[in-house]
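> one predicted model, sequence on top.
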Amino acid sequence: MAARRFLYVIAAIIFLILAGGIVWTLFPEAVMRLTFVPTVSFATPTDGGPDYRDPSAWLSRPGAPNDPANWLPPGVPGTAKTKAVVFFVPPTTYLSRAHWNAPIDDKDMNQRAHVLVSSEASAFSNVARVWAPRYREATAGAFLTTKPDAAKALELAYSDVRRAFDAFLDQAPPAAPIILAGHSQGSYHLLRLLRDRVATDKKLRKRILAAYVVGWPISIPADLPRLGLPACTKPDEHGCILSWESFAEPADPAQLRTRYDAGIGFTGSPRANTPALCVNPITGTQGGAADAGANLGSVKPDEGYKSATLVPHLVPARCDPAGLLLIGPPPDGFGVAVLPGNNFHVFDYALFWANIRADAARRLATYEKHRR
């Protein structure tokens, strides 16, 4: 069963070459737009979106049968959960040009989202109960055009995420510490959630254990001041933000920088030529470097992609001045799903899976100590 599950995870990772990583452009822009941008006009769905009081509206939630967040690499023991809870926003898994937003019952999207929760949100399962909503995510092509339809699609997707978060707060234990986490499109929406809800609600802000905004760049001067939480500067700090984008060396972030530099931050200032936030997932601190010996374990596919093992000491990590997380030479076994420019976006969680797991546990211990 574990091997079969990992096959699904690998299939999803390869799929993410086209889905979660499209922001950095695998193919020339014209080809990408032709392939993924819908030619239909945006139309507001009439279904009203998921009802997050219904357990079926969640990919993962406490007590769910076959909860994907409970997946573990072979040999990794499960551990007792604490009172903490995770709100995890999955990345893009919808590619179709038929709609600007995924129909909530789209079978392929839901299958892919299911396995991605397994491979990413599982990093938190030792310390918290995971909640991951289904949502009408924007199709991949929404990130490849400036059409007003794309902005409407992203707004609709975010409206689902925000409603899911409200339902999560209603259903989770009222005093439980909260981990916010996401990847790619999920982190895009998570940033808005931080700005709209966490930054404006002091009581809620005090419950945030950490926010893992992974695979989407955050401008330190143009975004961070409006998110309500500071960057994580200490490994045992709580109430702070972690973010990184993984590149092997030599790194070529040209496509990332093109889109990043064209954006306007939450402060209203341009992001152009500003450093992105890089919190090293090995050390848990902003900036800095760590050698491979400090990497507790990467989820690495075996030859043939038929299973996976947790491999310690596989890659180092250091933050460069621009905010990229550099992992040294490309590690063996990941090449099939690496994006141009040595972009390891697809493996942002997998490369540091065990360190993320330890990081969350460490921050929770500090949070509980302070609360006592």
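It's in.

> make it CA atoms for all contacts and neighbour counts henceforth
Will do.

> mind listing the helices for the stretch 251-372 of the chain?
For the stretch 251-372 of the chain, helices defined by DSSP state H, counting those that start in this stretch occupy the ranges 254-261, 353-371.

> mean pLDDT lowest where, among the ones you listed?
Mean pLDDT is lowest for helix 254-261 out of the helices of the stretch 251-372 of the chain, coming in at a mean of 84.

> buried residues of it, list them for me.
Applying a neighbour-count criterion of 16 or more other C-alpha atoms under 10 Å, the buried positions in helix 254-261 are 256, 257, 259, 260.

> ok, now stretch 198-214?
Within stretch 198-214, the residues that qualify as buried are 198, 199, 205, 207, 208, 209, 210, 211, 212, 213, 214, counting by 16+ other C-alpha under 10 Å.

> right, and the third one touches residue 199 too?
If I follow you right, that is residue 205. Yes - assessed by C-alpha atoms under 8 Å, residue 205 is found in contact with residue 199 at 7.0 Å.

> any residues in contact with both of those two?
When C-alpha atoms under 8 Å, 6 or more residues apart in numbering defines a contact, the residues bordering residue 205 and residue 199 alike are 228, 229.

> any idea how far the residue sitting nearest the centre point of the chain lies from residue 84?
Averaging the C-alpha coordinates of the chain gives a centre point, and the residue nearest to it by C-alpha atoms, centre = their mean is residue 183 (1.3 Å). Distance from residue 183 to residue 84, counting by C-alpha to C-alpha, to the nearest Å: 20 Å.

> quick one: stretch 150-161 to chain centroid distance?
17 Å (C-alpha atoms, centre = their mean, to the nearest Å).

> tell me the mean pLDDT over that stretch?
If you average the pLDDT values across stretch 150-161, you get 95.

> now do stretch 84-96
92.

> sketch out the low-pLDDT regions of the protein for me.
Residues of the chain that meet the criterion pLDDT under 70 lie in 1-32, 34, 80, 303-307, 372.

> spit out the contact partners of the nearest residue to residue 310 once chain neighbours are set aside.
Counting by C-alpha to C-alpha, 6 or more residues apart in numbering, residue 299 is the residue found nearest to residue 310 once chain neighbours are left out, at 4.7 Å. Shown here is residue 299, whose contacts under the criterion C-alpha under 8 Å, 6+ apart are 73, 308, 309, 310, 311, 350, 351, 352, 353.

> please redo it, this time with the cut-off set to 6 Å
Contacts were defined as C-alpha atoms under 6 Å, 6 or more residues apart in numbering; by that measure residue 299 touches 309, 310, 350.

> reformat these as a markdown table; add distance to residue 66.
A markdown table is the format used below for the contacts of residue 299 (distance: C-alpha to C-alpha, whole Å):
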| residue | distance to residue 66 |
| --- | --- |
| 309 | 21 |
| 310 | 22 |
| 350 | 21 |
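
> looking at those, which are in strands?
Among these, the members falling in strands (DSSP state E) are 309, 310.

> now, which of the contacts of residue 299 sits nearest residue 40?
Checking those against residue 40 with C-alpha to C-alpha, the nearest one is residue 350 at 36.0 Å.

> show me where the stretch 151-300 of the chain has strands.
For the stretch 151-300 of the chain, the strands defined by DSSP state E, counting those that start in this stretch cover 178-183, 208-214, 240-242, 246-247, 279-280, 285-286, 289-290, 298-301.

> export these to TSV and tack on distance to residue 330?
TSV is the format used below for those (distance: least, C-alpha to C-alpha, whole Å):
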stretch	distance to residue 330
strand 178-183	21
strand 208-214	20
strand 240-242	23
strand 246-247	9
strand 279-280	18
strand 285-286	23
strand 289-290	16
strand 298-301	13
